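A.B. asks: give the three-dimensional model of this entry:
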Amino acid sequence: MSTALAPAGAAELLGGAEALDRSGSSAEAILGYSAAIDAATAVQDRPLLARAMRRLAVLRHHQGDEAAARELCLQSFLVARAAHDHLLAAEALNVLAGLEFEAGRIDRARTTYGRALALGGQAPGLRARIEQNLGILANIQGDLDGAALHYHRALDAYRQTDDRRGSGFAFHNLGMLSADRERWEEADHYFRRSREIAEVSGDTHLAALCLLNHSEVHLARRRYDRAMESAQNALVAFDRIGSQLDKADAYRVIGMVYRETGRFPLAEARLQAARELAASSASPLSEAEATRELALLALAMGRNQDALALLTAAHRLFTSLDARLDLVDVSRERDKLEATYFAVVRDWGESIESADSYTFGHCERVARYALAVARALGLDEATQTTVRLGAYLHDVGKIKVPHEILNKTGPLSDAEFAVIKQHPAWGVELLDAIEFPWDIKPLIRWHHEKYDGTGYPDRLRGDEIPVGAQILCIVDVYDALTSTRSYRPALSHEVALATMTDSRGWWRPAVFAAFMAAVTAPPLPAA
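C.D. replies: Have a look, this model is predicted:
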């Protein structure tokens, strides 16, 4: 009799543990799962044992005990295989793949998801969850086509089981993906479908997420009234359910709308609120995004130094992101941020040059020439980025040079030239409070230093001068010689090179050789 009753007892223990788990009573659920494991082991009920082990593995993972979670998953898989239950074995592999994913072992996670799909793909519900997870993996690694394929497969599987909630999330993910690809009509369609499902099923959070993410599509398409309405409605919903982090994202979008419609004080207030809420919610992703938008606002208001300081803070936050947890393609976010950096420094460089019609376009040309020389030298991507940024900002100190000296048509006096020679040091002073992700300040300070020790402001000699500063020095001289200035006409390319060859001792030999190779192999690449 006891043998006949024991399986029912094990099943009841497992059911009770699952109920406790759903209610959030984790400690009691762990005891219940452990008791179910003991009971199932005693009567050799392998399917029930595999289920209990898998459930307990998830709770151990939530507690941070990764070793125990992983071992329980493996045991669940082995027990299910011994019972010839392919579906339970696939469920165990799906959880194990999730553990690999969160541990940063992305390739192993993908392989394990693939094994789970091969074993349990005949069950639409499990197949939908695995395909959704594979889509997330593809998305964070920048494989947008692969992510779309997996999300569509997940949607098909959810529909087979009439899982409307699952379908709603699949539509939402497809909307996010379409927005990333700037396929606005598709994004409109997917967000509408997801929101319809969420509202019918009473899922307030998903409905609000659809509103918020759809508002960013409206904003990108300059439908500002619709963007504001959607974001404000999302904010109300998030406030009602107490989701502080989502409120931060809603404030960010509202601030962006205010910025794009020229209401700068309101934009600053909302974006600052977004930044503070994200920081208090410990979300570096949302904080980074709000900080980036504040930087763009500062740029629009002509506050270039503030814009660069904010971009630096955003870059630091994006660099700290854990793609496994934030579910974003971090490299793509950093690339977008660096593109914004270049836009800010280019704009600032052009604003400096606007005081002198003769030098307009100088920074852009110096950046293009410098990048060509850096590539000819075989410098890595990070160094190339440093050189480009340094090129755009190398003359920022000229802001402090009096207008009459900058635009003087005749030769400069010794006193006037002494003022000009201060601009590299003044440039570094202007940027002193900004901790750039790239080491550009030495390039700004020393872009007039010469290899033979005759440069300024510090009269450095030889290899004391960073190679990036030497690159800026040589291309700066070339552009000055080949451009019309207030005090002389432009020299031809050939005459400029001959003049520079006579002074080749100003630069280290490798830099001079790379420069000559770069400028005699047109066309020069765009910066």
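A.B. asks: C-alpha only now, for contacts and for neighbours.
C.D. replies: Noted.
A.B. asks: how near is Ala118 to Ser230?
C.D. replies: Plainly put, Ala118 is 41 Å away from Ser230 if you go by Cα to Cα, to the nearest Å.
A.B. asks: scratch that, Ile399
C.D. replies: Ile399 is 43 Å from Ser230, by Cα to Cα.
A.B. asks: quick one: which of Ala118 and Ser230 has more around it?
C.D. replies: Ser230 (23 against 14; other Cα atoms under 10 Å).
A.B. asks: which residues touch that one?
C.D. replies: 211-212, 214-215 (Cα atoms under 8 Å, 6 or more residues apart in numbering).
A.B. asks: looking at those residues, which are in helices?
C.D. replies: If you go by DSSP state H, the contacts of Ser230 have 211-212, 214-215 in helices.
A.B. asks: dump those residues to TSV, plus pLDDT.
C.D. replies: Listed next are the ones in helices among the contacts of Ser230 as TSV, based on pLDDT from 0 to 100:
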residue	pLDDT
Leu211	96
Leu212	96
His214	95
Ser215	96
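A.B. asks: now the residues you listed in TSV, with neighbour count and distance to Cys363?
C.D. replies: Converted to TSV, the ones in helices among the contacts of Ser230 look like this (neighbours: other Cα atoms under 10 Å; distance: Cα to Cα, whole Å):
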residue	neighbour count	distance to Cys363
Leu211	25	43
Leu212	30	40
His214	28	39
Ser215	30	37
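A.B. asks: so Thr409 lies in a strand, does it not?
C.D. replies: No - counting by DSSP: H, G, I helix; E, B strand; the rest coil, Thr409 is not part of a strand but coil.
A.B. asks: from now on call the first residue 13
C.D. replies: Okay, residue one is now 13; in that scheme the one you just asked about reads as Thr421.
A.B. asks: so what pLDDT did it get?
C.D. replies: For Thr421, the pLDDT comes out at 76.
A.B. asks: just Pro537 next, same as before
C.D. replies: 49.
A.B. asks: now do Ala384
C.D. replies: Predicted confidence (pLDDT) for Ala384: 93.
A.B. asks: any idea which helix or strand comes after the helix or strand where it lies?
C.D. replies: Here Ala384, judged by DSSP states H and E, is contained in helix 374-388. Using DSSP H and E, the helix or strand that follows helix 374-388 in sequence is helix 393-405.
A.B. asks: now for the helix or strand following that next one, which elements pack on it?
C.D. replies: Remark: after helix 393-405, the chain's next helix or strand is helix 415-418, criterion DSSP H and E. Contact partners of helix 415-418 among helices and strands, from 3 or more Cα pairs under 8 Å, 6 or more residues apart in numbering; DSSP states H and E: none.
A.B. asks: related to what we said a few turns ago, can you give the contact residues for the helix holding Ala384?
C.D. replies: 358, 361-362, 365, 395-396, 399-401, 403-407, 480, 483-484, 487-488, 491, 523, 526-527, 529-531, 536-539.
A.B. asks: of those residues, just the buried ones, ChimeraX syntax please.
C.D. replies: Per 16 or more other Cα atoms under 10 Å, the buried members of the contacts of helix 374-388 correspond to this ChimeraX selection:
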select :358,361,362,365,395,396,399,400,401,403,404,405,406,407,480,483,484,487,488,491,523,526,527,530,531,536
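A.B. asks: how about stretch 186-202: buried residues?
C.D. replies: Residues of stretch 186-202 classed as buried by neighbour count (16+ other Cα under 10 Å): 186-191, 196, 198-202.
A.B. asks: pull up the distance across that stretch, start to finish.
C.D. replies: Stretch 186-202 has an end-to-end distance of 6 Å (criterion: Cα to Cα).
A.B. asks: average pLDDT across that stretch?
C.D. replies: Predicted confidence along stretch 186-202 averages 94 (mean pLDDT).
A.B. asks: what does stretch 271-278 give?
C.D. replies: 96.
A.B. asks: equivalent analysis for stretch 75-93, please.
C.D. replies: Mean pLDDT, stretch 75-93: 91.
A.B. asks: how far off centre is that stretch?
C.D. replies: With Cα atoms, centre = their mean, to the nearest Å as the basis, stretch 75-93 stands 33 Å off its chain's centre.
A.B. asks: pull the residues that contact that stretch.
C.D. replies: Stretch 75-93 is contacted by residues 58-59, 61-63, 65-66, 68-73, 98, 100-102, 104-105, 107-108, 111 when judged by Cα under 8 Å, 6+ apart.
A.B. asks: of these, select the buried ones using a PyMOL command.
C.D. replies: Selection of buried members from those for PyMOL, criterion 16+ other Cα under 10 Å:
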select buried, resi 58+59+61+62+63+65+66+68+69+70+71+72+98+100+101+102+104+105+107+108+111
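A.B. asks: flag the shaky bits of the chain, pLDDT-wise.
C.D. replies: Scanning the chain for pLDDT under 70 picks out 13-20, 333-343, 362-372, 497-499, 533-539.
A.B. asks: assign the residue most central in space within the chain to helix, strand or coil.
C.D. replies: The centroid of the chain falls nearest to Glu345 when counting by Cα atoms, centre = their mean (2.2 Å). What three-state DSSP gives for Glu345 is helix.
A.B. asks: quick one: stretch 397-405 to chain centroid distance?
C.D. replies: With Cα atoms, centre = their mean as the basis, stretch 397-405 stands 21 Å off its chain's centre.
A.B. asks: alpha carbons only: can I get it in CSV?
C.D. replies: C-alpha atoms of stretch 397-405 as CSV (Å, rounded to 0.1, in the frame of the first residue of the first chain):
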residue,chain,number,x,y,z
THR,A,397,39.7,57.0,-32.8
THR,A,398,42.0,59.0,-30.4
VAL,A,399,43.8,60.7,-33.3
ARG,A,400,40.5,61.6,-35.0
LEU,A,401,39.0,63.2,-31.9
GLY,A,402,42.3,64.9,-31.1
ALA,A,403,42.3,66.3,-34.7
TYR,A,404,38.8,67.8,-34.2
LEU,A,405,39.7,69.4,-30.9
